[in-house]
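Engineer: next input, structure requested:
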Amino acid sequence: MALIIRIDVDRPYGRRPFARHVLSRLSSDLYFPRLSGLGFLSELQTMLRWLNEVGARSHVFFRRCTLPSRPVVKLMEAGGHEAGLHLENSRSYATFVEEKAIIERHCGCSVFAMSKHGSGGAKFGFHHYAPYEPERYIEWATHASMRLFLGNLEDPSLEPVKTGDLLAFPSAFWLEPSWRDTTRFPVEWLQDRARDRDIVLLVHPENVLADPQLTAQFKTLIRAIGSKTIP
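Structural biologist: The predicted structure follows:
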């Protein structure tokens, strides 16, 4: 079996130093141009290079403020990665369709996978709708002929559920320890269980690259365990 690598691209300019955090908030709530010289999606580019070096594939989920730059598109094409919707404004089916269309127009392809930005707590930006309502997203994704929903629960032992043509993983192995019971689910648990079943590995590029230990764990996992995307 394999890892299903889920990359949630939350911040267009990362979070460190503080100036890049400000640019990320401006991009999210108002507008700021996508400037590679200021580090637009630089952490994502680094992560994609690592994946491409070892032949690992991933699903990359974009917000409207993190739409992929041309260098990111080239890296994704070279590595066979799949673009997905990181749903932000989940107020209604209409807002879901609108955000899906934004990603598809920008990428020039159909989008068949989605995840949700935020897990029901804080409001992250002007466009963000905070409640986390996975049953609604599964219904919308099924109606829109999507094939994959990756949920935000924090128990990676939960099994996926098939609804029509849609495969829904309710939970993920969050590499960042803030969202994981590290005693119950150490990295060794993932290495062992991924031999027998598919498990979603969830990462945020700006967090992984900011922590040398997380960087090392990520590189070890993508080398040691096979990965795949859901067609």
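Engineer: show me where this structure has strands.
Structural biologist: Ranges of strands within the chain are 3-9, 58-62, 82-87, 113-116, 148-153, 161-163, 166-171, 173-174, 199-203, based on DSSP state E.
Engineer: go through those and name the closest to Gly125.
Structural biologist: Smallest distance to Gly125 across the strands of the chain (C-beta to C-beta): 11.9 Å, for strand 82-87. Where you see a C-beta, it was placed from the backbone N, CA and C, and this is true even at glycine.
Engineer: for this protein, which helix is longest?
Structural biologist: If you go by DSSP state H, the chain has its longest helix at helix 93-107.
Engineer: can you give me the helices for this protein?
Structural biologist: 18-29, 42-54, 70-79, 93-107, 134-143, 187-193, 205-210, 212-224.
Engineer: okay, buried residues for the helix or strand bottoming out on mean pLDDT in the chain please.
Structural biologist: None of the helices or strands of the chain scores lower by mean pLDDT, DSSP states H and E than helix 18-29, at a mean of 78. Within helix 18-29, the residues scored as buried using 16 or more other C-beta atoms under 10 Å are 20, 23-25, 27-28.
Engineer: tilt between that helix and helix 42-54?
Structural biologist: 90 degrees (axes from the mean of the first three to the mean of the last three C-alpha atoms, to 10 degrees).
Engineer: run the chain-centre distance for helix 18-29.
Structural biologist: Remark: helix 18-29 is offset 19 Å from the chain centroid, using C-alpha atoms, centre = their mean, to the nearest Å.
Engineer: what comes into contact with stretch 10-29?
Structural biologist: 32, 34, 38-43, 63, 65-66, 86, 117, 124-127, 204-206, 210 (C-beta atoms under 8 Å, 6 or more residues apart in numbering).
Engineer: check those for burial and list the buried ones.
Structural biologist: By 16+ other C-beta under 10 Å, the contacts of stretch 10-29 give 32, 34, 39-43, 63, 65-66, 86, 117, 124-125, 127, 204-206 as buried.
Engineer: before we move on, back to that, quickly, which of the strands of the chain bottoms out on average pLDDT?
Structural biologist: Lowest mean pLDDT of these: strand 161-163, a mean of 94.
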